[in-house]
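>>> Following is a predicted model, sequence given first.
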Amino acid sequence: MNFYDVAYVRFDVPEIKVRPPKITERPPRFGNIDDWTKAQNANISQQFHNALNSFGKTIMEAAKNSILGERKFRLMNQRDMEKLSEDYHTEKYLRHQQTHEMLDLFALFEKPDTAKLVREVAVALMGGRYVSIPCAGGGSVSSETGWDGRKKDEENEDFRLRCWLHAAKTIMASRYVPTKGKGYGL
């Protein structure tokens, strides 16, 4: 195999056996040798030209295939990098949202009466009972909290976590709880 570098793309060219041009006829014993020489030179020139054209076409085809392959590879890498960038930005956004939700949850638990109410609502949701949440403006919000109960094939820990989060969101919605006061070092 011969190796060539074109535009920083390395490609292999299969070995091509170029036959050297040959004399096709015997020289005449008698007569004009100049005509024979001219005919043989033209024939040898044609053979040499055909061999070089064949070799050049093979190299150009190998280079074209390698460059197209390299281009596809680079485009595929570029698409992968764009996908990774999108995934990174999505994860960053979700992490930001999660941080804000956790700060809101921490702010809920700063006040003992709110923490107690969240705990009572979460336990009630876990037990499947209806919940009555006192509102800040008087009266109460009955069990119209949008709770759909336990899902099929939901594990206990996932169900409990969902109960706690739903209870916290319900309490935050029913009361004015300042949640942007402290950063908690996050």
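In hand now; what should we look at? Residues are numbered from 1 along each chain as shown.
>>> what pLDDT, on average, does stretch 157-177 get?
Mean per-residue pLDDT for stretch 157-177: 76.
>>> for stretch 66-75, same thing?
Across stretch 66-75, pLDDT averages out at 86.
>>> what's the longest helix in the protein?
Longest helix in the chain, counting residues (DSSP state H): helix 33-108.
>>> Show me what that one packs onto, helices and strands only.
Helices and strands touching helix 33-108, by 3 or more Cβ pairs under 8 Å, 6 or more residues apart in numbering; DSSP states H and E, are strand 2-6, strand 9-13, helix 112-127, helix 156-174. (Glycine included, C-beta is placed from N, CA and C.)
>>> need these in CSV with mean neighbour count and distance to residue 49, can you?
Formatted as CSV, the helices and strands packed on helix 33-108 follow (neighbours: other Cβ atoms under 10 Å; distance: least, Cβ to Cβ, whole Å):
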stretch, mean neighbour count, distance to residue 49
strand 2-6, 11, 21
strand 9-13, 14, 20
helix 112-127, 16, 89
helix 156-174, 17, 78
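>>> for stretch 66-76, which positions count as buried?
Buried residues in stretch 66-76, defined by neighbour count with 16 or more other Cβ atoms under 10 Å: 66, 70.
>>> then it to CSV, C-alphas only?
The C-alpha coordinates for stretch 66-76 follow below in CSV (Å, rounded to 0.1, in the frame of the first residue of the first chain):
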residue,chain,number,x,y,z
SER,A,66,-11.0,9.4,1.9
ILE,A,67,-12.0,13.1,1.9
LEU,A,68,-15.7,12.3,1.8
GLY,A,69,-15.2,9.8,4.7
GLU,A,70,-13.3,12.3,6.7
ARG,A,71,-16.0,14.9,6.1
LYS,A,72,-18.7,12.5,7.2
PHE,A,73,-16.6,11.7,10.3
ARG,A,74,-16.1,15.4,11.1
LEU,A,75,-19.8,16.2,10.6
MET,A,76,-20.8,13.3,12.8
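>>> Many thanks, we can stop here.
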